[in-house]
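Peer 1: Fold the stuff below for me.
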Amino acid sequence: MRIQKIDLFVELFEKEHGLPEIYADLDFDKKNISPDSHAIQKNFSPVYYLKFVPDYWVFPLINESLFNCEKLIHVNGYSIKLDNVSDVTTYIKNQFKSNAKTILRYVSRLESCFNIEYKMYYGQIHKSNYNLIMDSLYDMMQKRFGQLQINNDSDPKWEHTRSILYDLILKKRASLFVIYSGSKPIEISINYHYKGILFSSISSYDIDYSKFGLGHVEIVKQLEWCMANNHKIFEMGRGDLDYKRRWSNQIYNFEHHIVYKKKSLYGKLWSIGLKWIHLLKLYLKSKNIDQVYKKIKSRRTHNRDINIKGNDYKVEIVESIPSDNNMEVIDIHSEANSFLRKHVYDFQYSHLAHETQVEIFSLEHEKTYFVKGDKACIKIYLE
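Peer 2: I've put the predicted structure just below:
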């Protein structure tokens, strides 16, 4: 092969020996880490194009007299360094300042309103349970991205992820973090592990519970797990999203590295070409051409999105449930009543009501429903 193109971030986390042969080792967090059982190859390619290299990781070349390395800044990456963090609550208070109460409230409200369990599958998981969790995560992602009316970038590689993840979990190279309400998964995160780094790669949640800030709850609980299990970095990767900026105490650059043989004309010419292509992409991005492309692509695939829009129900607070012989108690867990769940869960959040304290009634022959807790009642109706 004349040129090797490698997504370094993916290679390190997904592969057993993912460090490319041109690197002697990996330095980060003031430590030197030698590659595991890494066979040094003599038949090097003239050019290596290594994408998504975090700049807080240092990769000494295996032979600096043989290779040159061009480094090109690409996009921001986001992570949380935990080596100087005493506990998660203190970190949240320091990081979020006046908004810390909101983050901590998400956790307390969730645990007050439902029977919540946090489970990290790391090192062992039954295959049948693995399949159930992965099915649930895929369903959550489809509904979430359908709600946002945007494309799911993880979808094209989903089958690849699903095929490799189970064995990686057994080897403690990956994990599944799950938030359960009773026996039902309501938030799931796929993680990869490498030398004390937990990379939260793909996550989603049940959109009916959106009021409870499950994405924030997930990070809180995963940080607690990291601190209890000798993981020093919670890595969130690329993607300039508001929650990543708010949580991160280490915002860094992802670089692309072009490594080529000094004495190879082919390698030199390729490196020049790759550099100009990279600069052209950055220029087009600065002119928002990439956003135009994404919008066109989104229109072409929009018809495949799941339609989660239902009837437009209204909600209002009422003093009490009316006395009516046509009223009947209904089960919120029945699929026929699934359209009511978000309204009911929002009610629980607002009124701090545990699910065992809530009753749901329907008015026969009318699309009108009542939710009753210990302290308040609401009416849900189709206008």
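
Peer 1: Return the set of residues that bridge with residue 76.
Peer 2: Counting by DSSP bridges, residue 76 forms beta bridges with residue 253.

Peer 1: my guess is it contacts residue 241, does it?
Peer 2: No - counting by CB atoms under 8 Å, residue 76 stays clear of residue 241, with 10.4 Å between them. Just so you know, the C-beta spots here come from the backbone N, C-alpha and C atoms, and that holds for glycine as well.

Peer 1: Counting neighbours, go ahead and name the busier of those two.
Peer 2: Relative neighbour count places residue 76 above the other of residue 76 and residue 241, with 15 against 12, counting by other CB atoms under 10 Å.

Peer 1: what's the spacing between that one and residue 142?
Peer 2: 28 Å (CB to CB, to the nearest Å).

Peer 1: Ok, residue 383 next?
Peer 2: Distance from residue 383 to residue 142, by CB to CB: 29 Å.

Peer 1: The two: which is more packed in?
Peer 2: In this view residue 383 and residue 142 are compared by other CB under 10 Å, and residue 142 has more residues nearby, 17 against 7.

Peer 1: for that one, phi and psi?
Peer 2: phi -60, psi -40 (degrees, to the nearest 10).

Peer 1: Please report the confidence value the model assigns to it.
Peer 2: With respect to pLDDT, residue 142 scores 89.

Peer 1: According to the record, where do the domains of the protein fall?
Peer 2: In terms of domains, the chain is parsed into 3-75+251-292, 84-231, 313-382 (source: automatic domain parsing).

Peer 1: Could you identify which of those domains is most buried?
Peer 2: Per-residue neighbour counts averaged over each of the domains of the chain give the maximum for domain 84-231, namely a mean of 17 (mean count of other CB atoms under 10 Å).

Peer 1: so where is this structure shaky, pLDDT-wise?
Peer 2: 1, 28-42, 147-155, 289-311 (pLDDT under 70).

Peer 1: Under a three-state scheme, what state does the residue of it positioned farthest from its centre occupy?
Peer 2: Using CA atoms, centre = their mean, the residue of the chain lying farthest from its centre is residue 325. It sits 47.9 Å away. Here residue 325 is coil, with the state taken from DSSP: H, G, I helix; E, B strand; the rest coil.

Peer 1: Phi, psi for it please.
Peer 2: phi -70, psi -20.

Peer 1: Just the element for residue 85, please.
Peer 2: Assigned by DSSP states H and E, residue 85 belongs to neither a helix nor a strand.

Peer 1: any chance of the domains of the chain in CSV, with distance to residue 237 too?
Peer 2: Formatted as CSV, the domains of the chain follow (distance: least, CB to CB, whole Å):
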stretch, distance to residue 237
domain 3-75+251-292, 7
domain 84-231, 6
domain 313-382, 29
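
Peer 1: can you tell which of those domains is closest to residue 245?
Peer 2: With CB to CB as the criterion, residue 245 lies closest to domain 3-75+251-292 of these, at 7.1 Å.

Peer 1: start to end distance for stretch 365-378?
Peer 2: 19 Å (CA to CA, to the nearest Å).
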